[in-house]
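Participant: Generate coordinates for the sequence data below:
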Amino acid sequence: MGYEVVQTDDVPTTDLSKIDEVPPDLEITALDEALGADQVNCKLWYFEPGEEIRYHAHSQQEELYYVLEGEFSLKLGRSGEEEYVEVGPGAAWLAKPEIGHGHRNVGDERGVVLAVGAPAVEDPGLDPHSLRDE
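Facilitator: Below is the predicted model of the structure:
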């Protein structure tokens, strides 16, 4: 067939707090799995107020983020050069390989972020501070 169409409300949500090996303790909807994607990761991440994905980097993966709902504080950039940016719905940002990134829901409502990463590799994250040029 070569294509798949799903309604996001029909895709199961996973509570990562029940999986010890997978931080952070957020809920996700794995659109990539529902669509049978091989070359890209695609998730909806759900953040209650104060929840975050901590500052990290990936060795190979480039990630694109898009805020669907909520208000977020982003921490972006190489270690020692980080910047903080406040964003809301409609904001998008890109994290290249080995570039630190993280975001926290700073609003009073649930936040939803679409995250798209390629290539689709198991890349659990690096400490951006270990990538600093000395």
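Participant: Do you have the helices of this structure handy? List them.
Facilitator: 31-35 (DSSP state H).
Participant: So, low pLDDT: which residues of it?
Facilitator: Low-confidence segments of the chain, defined by pLDDT under 70: 1, 20-23, 120-127, 130-134.
Participant: center of it, which residue is that?
Facilitator: residue 115 (4.7 Å; CA atoms, centre = their mean).
Participant: What residues does that one make contact with?
Facilitator: 41-45, 63-65 (CB atoms under 8 Å, 6 or more residues apart in numbering). For glycine as for every other residue, the C-beta is placed from the backbone atoms N, C-alpha and C.
Participant: ok, of the residues you listed, which come out buried?
Facilitator: 41-45, 63, 65 (16 or more other CB atoms under 10 Å).
Participant: ok, of the contacts of residue 115, which one's closest to residue 83?
Facilitator: residue 65 (15.1 Å; CB to CB).
Participant: How about the contacts made by that closest one?
Facilitator: 92-95, 101, 103, 113-116.
Participant: Inside strands: which ones of those residues?
Facilitator: Among the contacts of residue 65, the ones falling in strands (DSSP state E) are 92-95, 101, 103, 113-116.
Participant: quick one: which of the residues you listed is nearest residue 14?
Facilitator: residue 115 (13.8 Å).
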